[in-house]
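Novice: sequence and computational prediction follow.
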Amino acid sequence: MHMSFRKIGEGPPLVIAHGLYGASDNWVGIGRELAKTHEVFIIDWRNHGRSPHTLDHNYTLLKNDLLEFMEQQSLKKASLLGHSMGGKACMFFAVDYPEMVQSLTVVDISPRSYISLDQPAPQTVDHMNIIQALIKVDLEKVDSRIEIDMILADTIKSPRIRQFLLKNIQRKDKNSFEWKINLKSLHDNLPSILDGLNSKEINNGTGVEGFPVLFIKGADSDYISDHDYSIIQSIFPVADIVSIPNSGHWVHAEQTDLFLKNVKYFLDN
């Protein structure tokens, strides 16, 4: 897998990994700031951005994609910063290849699985609704992004989330649009995307050490609950957890200055 990526700056290597429905484009501003002290690589995961589309999408594949990417770039060791799905993929990578991790920053995602057949997590329902809403838009019959936004507004009430999703729209030709993301694959593989790590299976339940770990939580987000703190510590015993006030799941976009302050302090120390 040859993933599309952006490269900025010089210094110790830092790989930034976006979340579900995201792309490297969303992280350019953050990347430029961190590139003042690091060589920053901002990747597009498979089925996102400019990277190839595939039928399958799971953390084994993403973990292996990241390994292949680092080998292609001759990165024997790098700091990893991942948001949501990207953060979980980086966790899977760090567990299997700790010797290749200088530090790990995970943004607003828990290691646990968000799948429950009896009582689906709110995040599971949200993602199911989002993907269904995107699939239902007939891009052959719309004339503008404004029209697409109006259609999505019936299901996705948050203007911020809709604008984020609309960044995945591009012109197919003069008369129609297309999605950059592989909606069918993401829909078909959503249970795998919502899956998590099993702490009991990681080094016989003792977790992983050898590099510093920072979890950044949006204070108004429910992706990391109080119960998740013990799960995080069981897998990454040295992890620090920071909550950013007045921010939700997209904490890096909602509180950029505070987010960067915490990340820079962590990377520099």
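Specialist: Okay, I see it.
Novice: show me where this structure dips below the pLDDT cut-off.
Specialist: Low-confidence segments of the chain (pLDDT under 70): 116-125.
Novice: those strands in the chain, which residues are they?
Specialist: 5-8, 13-17, 39-43, 78-83, 101-107, 169-173, 176-179, 213-218, 240-244 (DSSP state E).
Novice: sheet partners, orientation included, of the second one?
Specialist: Each strand pairing with strand 13-17, determined using DSSP bridges, is listed with its direction: strand 39-43 (parallel), strand 78-83 (parallel).
Novice: quick one: closest of those to Phe177.
Specialist: Closest of those to Phe177 is strand 39-43, at 24.5 Å (criterion: CB to CB). Placement of C-beta: from N, CA and C, glycine included.
Novice: what lies in contact with the closest one?
Specialist: 3-18, 24, 27-28, 31-32, 34, 51, 66, 69, 73, 75, 78 (CB atoms under 8 Å, 6 or more residues apart in numbering).
Novice: can I get the buried part of those residues as one ChimeraX selection?
Specialist: Buried subset of the contacts of strand 39-43, written as a ChimeraX selection, criterion 16 or more other CB atoms under 10 Å:
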select :3,4,5,6,8,9,13,14,15,16,17,18,24,27,28,31,34,51,66,69,75,78
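Novice: re the thing from before, mind putting the strands of the chain into TSV with distance to Asn262?
Specialist: TSV is the format used below for those (distance: least, CB to CB, whole Å):
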stretch	distance to Asn262
strand 5-8	20
strand 13-17	15
strand 39-43	17
strand 78-83	11
strand 101-107	9
strand 169-173	32
strand 176-179	33
strand 213-218	6
strand 240-244	5
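Novice: which one, of those, ends up nearest to His127?
Specialist: For the strands of the chain, proximity to His127 was assessed by CB to CB; strand 78-83 is nearest, at 14.5 Å.
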